[in-house]
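Novice: got a predicted structure plus its sequence, pasted below:
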Amino acid sequence: MNRKKFVTGIAALGFVGGIWLLPVHSADAAVPTQLAEEPEAPVDGREEPAVPEEPIDEPEEPEVPEEPIDEPEEPEVPEEPIDEPEEPEVSEEPIDEPEEPEVPEEPIDEPEEPEVSEEPVDEPEEPEVPEEPIDEPEEPEVPEEPIDEPEEPEVPEEPIDEPEEPEVPVKGLSVMDFGAIANDDNDDYEAFAAAAEEARSKNEALHIPEGEFKLGKILKVDGIRMEGVGKDKTLLVSTDPENGSIDLLGDGVQIRNFKHAYQTTVPRGNGSHDKNSITVRSATNFVIDNIHVDRSSTAGIMIAYGSSDGTISNNTVENTGADGIHMTTESHDIKVVNNRVSNVGDDGIAVVSYGSSKVPVRDILIKDNWVGNFSKARGISVVGGEDVRIEGNEISDTMMAGVYIAAEGSYNTLDVHRVQVNNNTIDSTGIKKPENHPNVLVYASHGVVDDVKFYGNLIQNGAHRGIGVWGQGEIGDVVFERNTLINVNGSATTFENGNIKLIDNIGF
Ligand SMILES: [Ca+2]
């Protein structure tokens, strides 16, 4: 199975992408059977782990020279060998020594971080507190500090959830007026399609009452608001496992308050968007709110083809064949808030940018989501992307890393810049062997991963280790500040690459 997935994954890269086939970024496919102790290679490799063991110790250094020389492609081969060899060394050695030397370099990076670290940076000033007791007049400063801290919550962006407001009663059309019949087990596609078209032409909303409706084809929802009466009341069932996506198009398209499920599913295969549950295709100002996605052959909610300015909120996504919520192909300015994603076939929530894109997926907020329940791969991942903030999420029980930030050579992904991971709880992830992912992993097997900051997270109970930063790609600044790490299995931290900066963490 690994070989099959690997082959289709490669085949889907770039050239096949233009035909509704999306590059299959399958993390689970990486599930090599061969066991390597704590091989990191599996990170993005699928069958690769097998190759590695020969070149065990030597590979690493030779690669160093190669990196500057090569560009993305070759690095992949060497990567594998690297991973396994690294662990034998328990990487922990490098951890202690290399880290400090790097510390001095931190000052160099400061200029770049002003964004994220600004707030935290100010806190170090607290040491001044002790002085206060001495000086009387200075006391007033004390109150000021508390004032600054509240800023940390950086949650001011809560307004993000506001998109729900539009729930103002909307007049509109009903699918029932176009021939749809609930609970009769007969197909309602034609009625839905006609109703959607009419709603679009009249610029009205489209309502779906309580009950179960069958859809035999891909339903295109273009520029309208389509809504049911509740995700536990209105059910749309796609009967063709190969063609059942609800496609969102146009400007201002919204879907709300219903459940979408497939009657049956088929193997994930090439990852066709036609068998996603919901696919956003170049839409703008879109909303996916209070939808229950249950059972799909590929992704649950796929955001692609430059879709922008969207909100994905209050949804439940489960039992999918691929990622739960996936953002790719140059999509940007998207908020993924307060969703529950569980038992999905790959990553829970993923930002993925392939080399075939001109620009990366960017300006993404992933906030207050619950992700886990034995999802097959990573909890929340950024594999090529810029300006991504992962905040206030609860991630647990994922087969691979709970939070994964990477540039992967095997999938030729773009670089990663400016990712903030703030105030999340990451618990009991990295379950799968032999990958043995840490709870949190920053990885570059090619390209660049730079300006990543973890602030205020609770990282605990990793199945095999706590935090890892490695890979032979270029890893720049990675800051860990005020995080609490409670690690009981394997290495607490494994820092083998990058300019690691540690500030006021607990358990590191
Ligand atoms: Ca019907």
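Specialist: Now that the structure is in, tell me what you want to look at. Residues are numbered from 1 along each chain as shown.

Novice: get me the contact residues on this structure for the ion.
Specialist: Ile181, Asp184, Asn186, Asp188 (CB under 5 Å from the ion). Every residue, glycine included, has its C-beta placed from N, CA and C.

Novice: which ones are touching Ala350?
Specialist: By CB atoms under 8 Å, 6 or more residues apart in numbering, the contact list for Ala350 reads His25, Asp323, Ile325, His326, Met327, Arg378, Ile380, Ser381, Val382, Val383.

Novice: which one of those residues is nearest His437?
Specialist: Nearest to His437 among these, counting by CB to CB, is Arg378 at 7.8 Å.

Novice: neighbours around that closest one, how many?
Specialist: Burial of Arg378, expressed as a neighbour count using other CB atoms under 10 Å, amounts to 32.

Novice: how close does the closest residue to it other than its chain neighbours get to the ion?
Specialist: Distances taken as CB to CB, 6 or more residues apart in numbering place Tyr404 nearest to Arg378, at 4.1 Å, with adjacent residues excluded. According to CB to the ion, to the nearest Å, Tyr404 and the ion sit 42 Å apart.

Novice: thought Tyr404 was touching Gly384?
Specialist: No - Tyr404 is beyond contact range of Gly384, at 11.8 Å (criterion: CB atoms under 8 Å).

Novice: that older thread, what's the closest of the contacts of Ala350 to the ion?
Specialist: Comparing the contacts of Ala350 against the ion with CB to the ion places Ile325 closest, at 28.7 Å.

Novice: I figured the closest one hits Asn339, correct?
Specialist: Yes - at 6.6 Å, Ile325 and Asn339 qualify as touching, with contact defined as CB under 8 Å.

Novice: between those two, what contacts are shared?
Specialist: Ile312, Asn315, Val317, Ile349.

Novice: pop the domain breakdown of the protein in here.
Specialist: According to automatic domain parsing, the chain comprises the domains 1-152+360-508, 163-346.

Novice: in terms of mean pLDDT, which of those ranks lowest?
Specialist: When the domains of the chain are ranked by mean pLDDT, domain 1-152+360-508 comes last with a mean of 67.

Novice: buried sites along stretch 248-264?
Specialist: 248-250, 252-262 (16 or more other CB atoms under 10 Å).

Novice: so which of those residues are in strands?
Specialist: In this view, these that belong to strands under DSSP state E are Leu248, Leu249, Gln254, Ile255, Arg256, Asn257, Phe258, Lys259, His260, Ala261, Tyr262.

Novice: test my guess that the last one contacts Ser297.
Specialist: Yes - using CB under 8 Å, Tyr262 makes contact with Ser297 at a distance of 6.9 Å.

Novice: quick check: neighbours shared by the two?
Specialist: Pro241, Lys275.

Novice: who touches stretch 231-240?
Specialist: 187, 208-217, 219, 228, 244-246, 257-263, 290-292, 316.

Novice: just the buried ones from these, in ChimeraX syntax?
Specialist: The buried subset of these, as determined by 16+ other CB under 10 Å, is captured in ChimeraX by this line:
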select :187,208,211,212,213,214,215,216,217,219,228,244,245,246,257,258,259,260,261,262,290,291,292,316
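
Novice: how about the helices in the stretch 251-400 of the chain?
Specialist: Ranges of helices within the stretch 251-400 of the chain: none, based on DSSP state H, counting those that start in this stretch.

Novice: quick check: the residue of the stretch 251-400 of the chain nearest the ion.
Specialist: Here the stretch 251-400 of the chain gets closest to the ion at one residue, Gln263, 12.7 Å apart by CB to the ion.

Novice: now for that residue: which residues touch it?
Specialist: Applying CB under 8 Å, 6+ apart, the residues near Gln263 are Lys214, Val237, Ser238, Thr239, Pro241.

Novice: quick check, nearest of these to Lys453?
Specialist: Distances from Lys453 to the contacts of Gln263, taken by CB to CB, are shortest for Ser238, at 41.0 Å.

Novice: what about that closest one, how many residues nearby?
Specialist: Ser238: 27 surrounding residues under other CB under 10 Å.

Novice: distance of it relative to Gly473?
Specialist: According to CB to CB, to the nearest Å, Ser238 and Gly473 sit 40 Å apart.

Novice: likewise for Asp247?
Specialist: To Gly473, Asp247 is 35 Å away according to CB to CB.

Novice: mind checking which of the two has more residues around it?
Specialist: More neighbours surround Gly473 than the other of Asp247 and Gly473, with 24 against 19 (other CB under 10 Å).

Novice: who are the contact partners of that one?
Specialist: Contacts of Gly473 by CB under 8 Å, 6+ apart are Glu67, Pro75, Ala407, Gly409, Tyr443, Ala444, Ser445, His446, Gly447, Val448, Val449, Asn497.

Novice: what does Ala191 give?
Specialist: Neighbouring residues of Ala191 by CB under 8 Å, 6+ apart: Val175, Phe178, Gly179, Ala180.

Novice: may I see the buried residues of the helix or strand containing it?
Specialist: Assigned by DSSP states H and E, Ala191 falls within helix 189-202. Residues Tyr189, Ala191, Phe192, Ala193, Ala194, Ala195, Ala196, Ala199, Arg200 are the ones in helix 189-202 that count as buried (16+ other CB under 10 Å).

Novice: note down every partner strand of the helix or strand just after that helix and its orientation.
Specialist: Sequence-wise, the next helix or strand downstream of helix 189-202 (DSSP H and E) is strand 205-207. Sheet pairing for strand 205-207, assigned by DSSP bridges, gives strand 172-174 (parallel), strand 225-227 (parallel).

Novice: what is the end-to-end distance of stretch 357-370?
Specialist: End-to-end distance for stretch 357-370: 29 Å, by CA to CA, to the nearest Å.

Novice: contact partners of it?
Specialist: Taking CB under 8 Å, 6+ apart as the rule, stretch 357-370 contacts 157, 160, 327-342, 348-349, 351-353, 380, 384-394, 414-415.

Novice: try it again at 6 Å.
Specialist: 327, 329-340, 349, 351, 353, 380, 384-394, 414 (CB atoms under 6 Å, 6 or more residues apart in numbering).

Novice: now, these that are in strands?
Specialist: 327, 332-337, 340, 349, 351, 380, 385-391, 394.

Novice: skipping adjacent residues, who's closest to Gly462 in space?
Specialist: Asn439 (3.7 Å).

Novice: count the residues that sit near the one you found.
Specialist: Using other CB under 10 Å: Asn439 sits among 31 other residues.

Novice: that one: what's it in contact with?
Specialist: By CB under 6 Å, 6+ apart, the neighbours of Asn439 are Gly402, Ile426, Thr429, Gly430, Ile459, Gly462, Gly466.
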